[in-house]
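S.K.: Show me how the following folds:
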Amino acid sequence: MKHLQTGQFYGQTTETIYLDGVTLTDTEYTKDKVDWHYHKNAYFTFILQGKLIEENKKETYNCSAGTLLFHNWQEPHFNIKPTGFTRGFHVEMEQKWIDNFSLDLNNLQGNIHILDPDIKFLLYKIFKETKINDNTTPLSLQGLLLQTLAGLQRKKETSIKSKPLWVTKVNEILHDQISEKHSLIELSGTLGIHPVHLSRDFSKHFQCSLGEYIRKLKIEKSLSLLSDKKYSLIDITFECGFSDQSHFIRSFKEVTGINPSAYRNLFLS
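M.R.: Reported below is the predicted structural model:
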């Protein structure tokens, strides 16, 4: 079985950035199937464009643009690439880097499929920083990566604690129906809780208001659609449930700091 070393991924790597213990690669997946293998380091896989199937002995991940996975052990897996262009961004962390910052990743063992929009936004920022790539990029990348790991650990610790069933259910509803227009009455009725309860307690579990969370999910979806040239800004506006293009652009800039067109140009460079 192939044991991939630092910076090694199957396909055509178009860019590699080496820091002190962190390696970032931008790779086009070119093989229809990659046999069982494993990687030396803990790493993130972020699908930027296209689709990929990753399977290990426990789970199968049907990945599309915007899918984020974290791997923190040397578990074997294989990949299948459906027809079409697929591009992935990887962030590897060597043990010396983890030790240097006295990080304890024991609660992040195994493979984790990350759905939290705030953590995904950090990965998009890391990717964007690699395209800027000036003399402050190493410092920015280190800080963003530490933020990402801290957010992932908090999320993992929270998921271990007992939480009301409605929390999981509302998260599933909002992820599955991003473009739908939700109301407090409708959601609370579906969840079987009082509207005041939902409004009051939502932020305890999601660290933001219900409206803010829905807006984050819409922006997250728009980021994955911007990677595909076949979607115009108007298409993305309505696909993500924004009322009009100006509303989409304003919300996008508030979250990412740039407008969608500028981000698309950076993303596709």
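
S.K.: what sits against residue 148?
M.R.: 44, 119, 122-123, 126 (C-beta atoms under 8 Å, 6 or more residues apart in numbering). Bear in mind the C-beta positions are built from the backbone N, C-alpha and C, glycine included.

S.K.: Which two of those residues have the greatest separation?
M.R.: Comparing every pair within these by C-beta to C-beta identifies 119 and 126 as the most remote, at 10.9 Å.

S.K.: C-alpha coordinates for the biggest helix by length in the chain, CSV please?
M.R.: The single longest helix within the chain, with elements called by DSSP state H, is helix 137-160. As requested, the backbone C-alpha atoms of helix 137-160 are provided in CSV (Å, rounded to 0.1, in the frame of the first residue of the first chain):
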residue,chain,number,x,y,z
THR,A,137,1.6,35.4,3.7
PRO,A,138,3.5,33.0,6.0
LEU,A,139,2.4,34.9,9.1
SER,A,140,-1.2,35.1,7.8
LEU,A,141,-1.3,31.4,7.0
GLN,A,142,0.0,30.3,10.4
GLY,A,143,-2.6,32.5,12.1
LEU,A,144,-5.5,31.3,10.0
LEU,A,145,-4.6,27.7,10.4
LEU,A,146,-4.4,28.0,14.2
GLN,A,147,-7.8,29.6,14.1
THR,A,148,-9.2,26.8,12.0
LEU,A,149,-7.9,24.1,14.3
ALA,A,150,-9.2,25.9,17.4
GLY,A,151,-12.6,26.3,15.8
LEU,A,152,-12.6,22.6,14.8
GLN,A,153,-11.7,21.6,18.4
ARG,A,154,-14.4,23.7,19.9
LYS,A,155,-16.9,22.2,17.5
LYS,A,156,-15.8,18.7,18.3
GLU,A,157,-16.0,19.4,22.1
THR,A,158,-19.5,20.9,21.7
SER,A,159,-20.7,17.9,19.7
ILE,A,160,-19.6,15.5,22.4
